[in-house]
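**Q** Using only what follows, build the 3D model:
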Amino acid sequence: MLTLGQAARLTGTSKTTLTRAIRAGRLSATRRDDGGYAIDPAELARVFTVTPETPATGAATDDVVHHATPERDLGATPVTRAVTPALDPELTARLAAAEAELAGLKALLEEVRSSRDRELERADRAERLLVDQRRPWWRRLVG
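**A** Just a heads-up that it's a prediction; the model follows:
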């Protein structure tokens, strides 16, 4: 989960823009105990264009943060793995499996819908036959 500041850096937008998107319902986020927001990286990528943070694309104020914290490989952080699957082969494989499962579920849903439509059509025909049988024979002939 990302903080509002982390999400703003990844999208290149301000925290105010993200807060407005959350309040408008375009971006879903959960409130943390300290009052901040926790944003799922996948949800962030759904709404905004996410660019992984690297030393070259980081803001000028990020230098202070990087000097205050130990050096680390930004390509291996959970945040960048979640928003850029090309960096993690395991995540890429899981994504491919999820897409295949989604395609199978869509096919199954279409099959269920067509079966339901056939059943409704069959029931409609049966009801029309019952209605026709209730009318006298001379009404069926005349119309």
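**Q** How much space separates the residue lying closest to residue 8 once chain neighbours are set aside from residue 31?
**A** Closest residue to residue 8 apart from its sequence neighbours, by Cβ to Cβ, 6 or more residues apart in numbering: residue 15 at 4.7 Å. Yep, even glycine has a C-beta here, placed from its N, CA and C like the rest. Note on residue 15: its distance to residue 31, by Cβ to Cβ, to the nearest Å, is 15 Å.
**Q** higher neighbour count, the two?
**A** Set side by side, residue 15 and residue 31 show more neighbours around residue 15, with 15 against 10, by other Cβ atoms under 10 Å.
**Q** Domain parsing of the chain, as residue ranges.
**A** Partitioning the chain according to automatic domain parsing yields domains covering residues 4-87, 106-142.
**Q** Least confident of those, on average?
**A** Mean pLDDT per stretch puts domain 4-87 lowest among the domains of the chain, at a mean of 72.
**Q** Quick check: longest helix in the protein by residues?
**A** helix 89-134 (DSSP state H).
**Q** Which is the succeeding secondary structure element to it?
**A** helix 137-142 (DSSP states H and E).
**Q** same for that following helix, what does it pack against?
**A** Packed against helix 137-142 by the contact rule (3 or more Cβ pairs under 8 Å, 6 or more residues apart in numbering; DSSP states H and E) you find no helix or strand.
**Q** Quick one: distance of it to the chain centre.
**A** Distance of helix 137-142 from its chain centroid, counting by Cα atoms, centre = their mean, to the nearest Å, is 58 Å.
**Q** Just the CA trace of that helix, in PDB.
**A** Taking Å, rounded to 0.1, in the frame of the first residue of the first chain, the C-alpha atoms of helix 137-142 are listed here in PDB:
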ATOM      1  CA  TRP A 137     -60.800 -23.000 -31.300                       C
ATOM      2  CA  TRP A 138     -62.900 -20.500 -33.300                       C
ATOM      3  CA  ARG A 139     -60.900 -17.600 -31.700                       C
ATOM      4  CA  ARG A 140     -57.600 -19.200 -32.800                       C
ATOM      5  CA  LEU A 141     -58.900 -19.500 -36.300                       C
ATOM      6  CA  VAL A 142     -60.200 -16.000 -36.500                       C
END
